[in-house]
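Chemist: no FASTA, just this:
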Ligand SMILES: Nc1ncnc2c1ncn2[C@@H]1O[C@H](COP(=O)(O)OP(=O)(O)OP(=O)(O)O)[C@@H](O)[C@H]1O
């Protein structure tokens, strides 16, 4: 069953079309890895699905994505988009994932708090619950943001570069958690590092203004060329690795910093 159906969707900023004529369906058990060059429109695609940017064309959300008026989409923003100065605790950040309940005015219930605490505990950061969000480490912040994204038991979880700025330990743990979550929710994950995500996601969506869904989690160089995806397959020691090709003006040029 499709949770999201996009038909001929375009999004423009001041006349510049960041994504064009997108046709994309997201099924209820999908795990899509969204890749593409810097500025290719990955975040814009996510924002279009979330309904936070004006678009042309049609974006249809299935009734299964709603519980009453609450929209069952969990979202983990890029760390850089999250305001660390916001004067709230880690626990409150997690609880704020419940604000999608429309007309939500009352204070959080005891069950809400218990659920938030249980999520913090299962991600190993229960002791940070009372700390201001601005004072925890990047890895702890990412764990809190993931807990926030799933506290409402969404049917669709969208993550924008969730492994940016974090250690390998969190990355591995994150992918294990996502694999488990994918047994009962669809996942869309934006990432630069297709070398890693191909082993995690089921299928790949390439975004370079145009959007192409590949019915596989493995892409050949030829496919990437045909779809106009500026990706390069390179080899690192014994492990073949796939990274985004450098683009002039990216501000980074060695492969490790592209990750
Ligand atoms: N609010 C905005 N106003 C004007 N232009 C924007 C805005 N947001 C994005 N853009 C432009 O739209 C294009 C796509 O941006 P977007 O952030 O969706 O790309 P991205 O693939 O997510 O990039 P990155 O990999 O760098 O995060 C870029 O050219 C960007 O400069």
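Modeler: On my side now, so go ahead. Because the structure is a prediction, the values reported are computed rather than measured.

Chemist: tell me which parts of this protein are close to the ligand?
Modeler: Residues of the chain lying close to the ligand (C-beta under 6 Å from any ligand atom) are 13, 14, 18, 36, 38, 39, 40, 41, 42, 43, 44. For glycine as for every other residue, the C-beta is placed from the backbone atoms N, C-alpha and C.

Chemist: can you pick out the most distant pair from the residues you listed?
Modeler: 14 and 36 (20.9 Å; C-beta to C-beta).

Chemist: those two - which one has more neighbours?
Modeler: Higher neighbour count among residue 14 and residue 36: residue 36, with 26 against 4, using other C-beta atoms under 10 Å.

Chemist: if you drop the residues flanking it in sequence, what lies closest to that one?
Modeler: Counting by C-beta to C-beta, 6 or more residues apart in numbering, residue 36 lies nearest to residue 207, which is 3.8 Å off, once chain neighbours are set aside.

Chemist: and the one you found, bridged to which residues?
Modeler: With DSSP bridges as the criterion, residue 207 is bridged to residue 211.

Chemist: which ones are touching it?
Modeler: By C-beta atoms under 8 Å, 6 or more residues apart in numbering, the contact set of residue 207 is 19, 34, 35, 36, 40, 41, 42, 45.

Chemist: what about the nearest residue to residue 71 once chain neighbours are set aside, which helix or strand?
Modeler: For residue 71, ignoring the flanking residues on the chain, the nearest one in space by C-beta to C-beta, 6+ apart is residue 100 at 5.6 Å. Following DSSP states H and E, there is no helix or strand that holds residue 100.

Chemist: what about residue 100, how many residues nearby?
Modeler: If you count neighbours by other C-beta under 10 Å, residue 100 ends up with 18.

Chemist: does it touch residue 67 like I think?
Modeler: No. Judged on C-beta atoms under 8 Å, residue 100 makes no contact with residue 67 at a distance of 9.3 Å.

Chemist: before we move on, back to that, quick one: pLDDT of the residue nearest to residue 36?
Modeler: At residue 207, the model reports a pLDDT of 90.

Chemist: just say helix, strand or coil for residue 44.
Modeler: What DSSP: H, G, I helix; E, B strand; the rest coil gives for residue 44 is helix.

Chemist: if we ignore the residues flanking it in sequence, what's nearest it?
Modeler: residue 18 (4.3 Å).

Chemist: and that neighbour, helix, strand or coil?
Modeler: Per three-state DSSP, residue 18 ends up strand.

Chemist: pull the contacting residues for it.
Modeler: By C-beta under 8 Å, 6+ apart, the neighbours of residue 18 are 11, 12, 41, 44, 209.
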